[in-house]
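Enquirer: Sequence first, predicted coordinates after that:
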Amino acid sequence: MGEEVEDRFIPVYKPLFETRTRTGRVIAYRVFAASVFGCICWILFYRVTVPLENRSGLVRLAMLILEIWFGLYWVITQSLRWNPVWRVTFTDRLSRRYNKDLPRLDVFVCTADPVIEPPLMVVNTVLSVLALDYPPEKLAVYLSDDGGSELTFYALTEATEFARIWVPFCKTFNVEPRSPAAYLSSKASGFGSAEEEEIAKLYKEMAVRIETTAKLEEARLKYSDGFSQWDSDATRRNHGTILQILVDGREDNAIGIPTLVYLSREKRPEHHHHYKAGSMNALLRVSSKITCGRFILNLDCDMYSNNSKSPLDALCILLDEKAGKEIAFVQFPQCFENLRNDLYGCAMRVNSNVEFHGLDGNGGPLYIGTGCFHRRDVICGRKYGEEEKEIEKLQEALELELIKPLASCTYEEGSQWGKEMGLIYGYPVEDVITGLAIQCRGWKSAYLNPKKHAFVGVGPTNLHQMLVQQRRWSDGDFQIFISEYSPVWYGQGNISLGLILGYSRFFLWAPSAVPVVIYSVLTSLCLLKGIPLFPKVFSSWFIPFGYVTAVVNVYGLAEFLWCGGTFHGWWNEERMWLYRRLSSFLFGFMDTIMKKLGVSESGFVITSKVGEEEAAERYEKEVMEFGVESPMFLLLGTLGMLNLFCFAVAVLRLMTSRDSGELQKMGLQLVITGTLVVINWPIYEGMLLRKDKGKMPISVTVKSVVLALSACTCIAFL
Ligand SMILES: O=c1ccn([C@@H]2O[C@H](COP(=O)(O)OP(=O)(O)O[C@H]3O[C@H](CO)[C@@H](O)[C@H](O)[C@H]3O)[C@@H](O)[C@H]2O)c(=O)[nH]1
Ligand SMILES: [Mn+2]
């Protein structure tokens, strides 16, 4: 008895989160992986010892090199599946321990273009975070507008007014999600209460005003402090700093709405603005003088909060007194709501549900720019092991004119911003490199992937946009790989081997395009010439080839289905796996090389979050969108035609040939090229059968056919 009583008064440390593994699954996977690895070695052994039937040493050497590369890359990929972990949080413990004493949290939302990032979408994101389940006096929301757009600012003033109704509404009725657009569209079948109906009406009115800028003039008067900061000659690339605190909710917050700040940092044509990284760094400095949150949540403007409690989940990790102390940031997955069957393979299902757990087991996920909670002082350069800095006392009266210079073009000159402090400059994927640099300073990160998505955004629904986005990513990733920050040398000794491999798997996307292109061309052309590249179907040498081909694909499908995908979605994803390599990654690879040679500079093409109506209809019907004359399409078209011609010739030859051994000899090659033809079907349709606006431009079609035909003819008569 006595013991029990005593126990109750001894403060027991109870962790705020737990890290779990799934041993059975992992062991099963490792056995499977070992079998594949065995077969890869077998294949390489075959290549080294057995000459090709036509004795072409050159072709055999090429195949050997390709297969070594694919084997190596496969080994690298294993790091993402070797040691996965899952994190479980205990928010009730957090609430009991901290109650209202939660630390300050600053949310940074970035937007950059009022046309492809419509202000109404942006304010929905802002409203969803204003209504987070967090003490309003501890929460602040900053909107960074790199578009320097009055329209966006106007929309934000409208949202400020609407928030006064929306935030209390969310909290009283505990609604989810807290983006008004998402919430109201989930209620499309009818409203449950009079309040709901009223809110819906008010939201609609606001939406109309934002879209038609109906009350812009009234807003100009009411929020003249903000509007007056736009000079008459301001453009998005040339304007002074615009800063307005729309709501100051820092102390005894009676209105119940968090602090809300609009910032458009200064931009001048003669100063590089470093894209999103630059805006994040300006936000870090400006917010440090206003609310100075100890933690920071970073969101893209399309990523609304889908679960108002997600900050508590993240803080369970960051505030945990033991294991949490070594964790610098908590990353949530990027989830999308607009992708249906995911024609363009953008949902990143396997990425989110398998691979990031694997990274987490090896030291932590990458920082992927959105849905990520950081420690302010760590992102500003604190090394692991250093004492956390005391947070400055906040100024009571805010002098905007004293804060604005922090967002000027020249502020960073001669400082460590963009290098040791804040987000790192010079790379198109500022997020990934910043996360890597943090991990190399000794920190770990953690991945949270709750069933109920924490943040939900808009993925590209247009083929070309997707390819451009992937080109930026693969280019950016590869730039890091060959930079001073390469995980291979910079990471050495700072992060685990598993994590080095994990990073490499993404960082090598760009160069991995080259072997895929060669492989698809080589198998097709050799099929055309009747040169067998693989052993006969009924020989024992065929076993490893057959096994690897079958089993890796079946496993890929199974994994996709486990992650909640459909067969159809998987097939789309397979197609995009190929297209990305044959276009985005290859161009990304060339972009990196050009930059290394100093021929060109890094850019950042913002992904559009809106679609044209007709194109959207085609997306609904899963009709692939081409439409623009792009060198990436030219390459896809040419390679697709090449596969088709070679396959057609081979099939014709097979039908007319009397040699029954032909099928045996060319079996796998026929399957590979045949699969390519089936995968490419939408390209052929887009080139030859369709009449709509989204079809392949005629010039691309003609060029592709001519190029592919000439390549085939040359090879045929060689
Ligand atoms: O000069 C710029 C360019 C972009 N952005 C913002 O950055 C975000 C990401 O841009 P987006 O075009 O949507 O790029 P994605 O490829 O969808 O974004 C992913 O990849 C980027 C790096 O390539 C990261 O910056 C993002 O956080 C990450 O979500 C958006 O909110 C933009 O408004 C800026 O603030 N300033
Ligand atoms: Mn985006």
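Expert: Now that the structure is in, tell me what you want to look at. Ligands and ions are numbered 1, 2, ... in the order given.

Enquirer: and the gap between residue 585 and ligand 2?
Expert: If you measure residue 585 against ligand 2 using C-beta to the ion, to the nearest Å, the figure is 19 Å. The C-beta positions use only the backbone N, C-alpha and C, and glycine is treated the same way.

Enquirer: secondary structure class for that residue?
Expert: What DSSP: H, G, I helix; E, B strand; the rest coil gives for residue 585 is helix.

Enquirer: now swap in the one 10 residues further on and tell me
Expert: Assigned by three-state DSSP, the conformation of residue 595 is helix.

Enquirer: near ligand 2, which residues of the stretch 151-300 of the chain?
Expert: With C-beta under 5 Å from the ion as the criterion, the stretch 151-300 of the chain comes near ligand 2 at residues residue 300.

Enquirer: mind listing the helices for the stretch 151-300 of the chain?
Expert: 180-186, 194-212, 216-222, 224-227, 275-290 (DSSP state H, counting those that start in this stretch).

Enquirer: Can you mark which positions in stretch 392-403 are buried?
Expert: 398, 403 (16 or more other C-beta atoms under 10 Å).

Enquirer: hmm, back to that, and the helices of the stretch 151-300 of the chain as a markdown table, adding mean neighbour count?
Expert: Converted to a markdown table, those look like this (neighbours: other C-beta atoms under 10 Å):
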| stretch | mean neighbour count |
| --- | --- |
| helix 180-186 | 18 |
| helix 194-212 | 15 |
| helix 216-222 | 14 |
| helix 224-227 | 16 |
| helix 275-290 | 23 |
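
Enquirer: Any chance of JSON lines for the ones you listed, columns mean pLDDT and distance to ligand 1?
Expert: Shown next, in JSON lines, are these (pLDDT from 0 to 100; distance: least, C-beta to the nearest ligand atom, whole Å):
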{"stretch": "helix 180-186", "mean pLDDT": "94", "distance to ligand 1": "17"}
{"stretch": "helix 194-212", "mean pLDDT": "95", "distance to ligand 1": "17"}
{"stretch": "helix 216-222", "mean pLDDT": "94", "distance to ligand 1": "22"}
{"stretch": "helix 224-227", "mean pLDDT": "94", "distance to ligand 1": "19"}
{"stretch": "helix 275-290", "mean pLDDT": "97", "distance to ligand 1": "4"}
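
Enquirer: As CSV, those helices with distance to residue 50 would be great.
Expert: CSV is the format used below for the helices of the stretch 151-300 of the chain (distance: least, C-beta to C-beta, whole Å):
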stretch, distance to residue 50
helix 180-186, 59
helix 194-212, 68
helix 216-222, 75
helix 224-227, 74
helix 275-290, 52
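
Enquirer: nearest to residue 49, of those?
Expert: helix 275-290 (51.4 Å; C-beta to C-beta).

Enquirer: Send me the closest one as PDB with only the CA atoms.
Expert: Extracted in PDB, the C-alpha atoms of helix 275-290 (Å, rounded to 0.1, in the frame of the first residue of the first chain):
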ATOM      1  CA  TYR A 275      13.100  32.200 -54.500                       C
ATOM      2  CA  LYS A 276      11.400  30.400 -51.600                       C
ATOM      3  CA  ALA A 277      14.500  30.200 -49.600                       C
ATOM      4  CA  GLY A 278      14.900  33.900 -49.600                       C
ATOM      5  CA  SER A 279      11.400  34.500 -48.600                       C
ATOM      6  CA  MET A 280      11.700  32.000 -45.700                       C
ATOM      7  CA  ASN A 281      14.800  33.700 -44.400                       C
ATOM      8  CA  ALA A 282      13.100  37.100 -44.500                       C
ATOM      9  CA  LEU A 283      10.200  35.600 -42.600                       C
ATOM     10  CA  LEU A 284      12.500  34.100 -40.000                       C
ATOM     11  CA  ARG A 285      14.000  37.500 -39.300                       C
ATOM     12  CA  VAL A 286      10.800  39.500 -39.400                       C
ATOM     13  CA  SER A 287       8.900  37.100 -37.200                       C
ATOM     14  CA  SER A 288      11.700  37.100 -34.700                       C
ATOM     15  CA  LYS A 289      10.800  40.700 -33.900                       C
ATOM     16  CA  ILE A 290       7.000  40.100 -33.800                       C
END
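
Enquirer: please begin residue numbering at 292 from this point
Expert: All set: I'll call the first residue 292, so the last point we hit is now helix 566-581.

Enquirer: and that helix, what other elements does it pack with?
Expert: Under the contact definition 3 or more C-beta pairs under 8 Å, 6 or more residues apart in numbering; DSSP states H and E, helix 566-581 sits against strand 396-402, strand 430-436, strand 550-555, strand 586-591, helix 667-670, helix 691-694, helix 721-731.

Enquirer: These: which one's closest to residue 850?
Expert: Closest of the helices and strands packed on helix 566-581 to residue 850 is helix 721-731, at 23.2 Å (criterion: C-beta to C-beta).

Enquirer: who's in contact with stretch 770-788?
Expert: With contact meaning C-beta atoms under 8 Å, 6 or more residues apart in numbering, stretch 770-788 is reached by 370, 653-654, 715, 718-720, 723-724, 727-728, 730-733, 790-791, 794-795, 798-799, 883, 886-887, 893.

Enquirer: An error on my part: the question was meant for stretch 922-936.
Expert: With C-beta under 8 Å, 6+ apart as the criterion, stretch 922-936 contacts 755, 758, 762, 808, 811-812, 815-816, 819, 870, 873-875, 877-878, 917, 964, 967-968, 971, 974-975, 978, 987-988, 991-992, 994-996, 998-1000, 1002-1003.

Enquirer: filter these to the buried ones?
Expert: When these are checked for burial by 16+ other C-beta under 10 Å, the buried set is 755, 758, 762, 808, 811-812, 815-816, 819, 870, 873-875, 877-878, 917, 964, 967-968, 971, 974-975, 978, 987-988, 991-992, 994-996, 998-999, 1002-1003.

Enquirer: List the contacts of stretch 528-536.
Expert: Stretch 528-536 is contacted by residues 436, 439, 444, 514, 516-517, 520-522, 525, 550-560, 577, 581, 689, 691, 694-696, 698-699 when judged by C-beta under 8 Å, 6+ apart.

Enquirer: Good, wrapping up.
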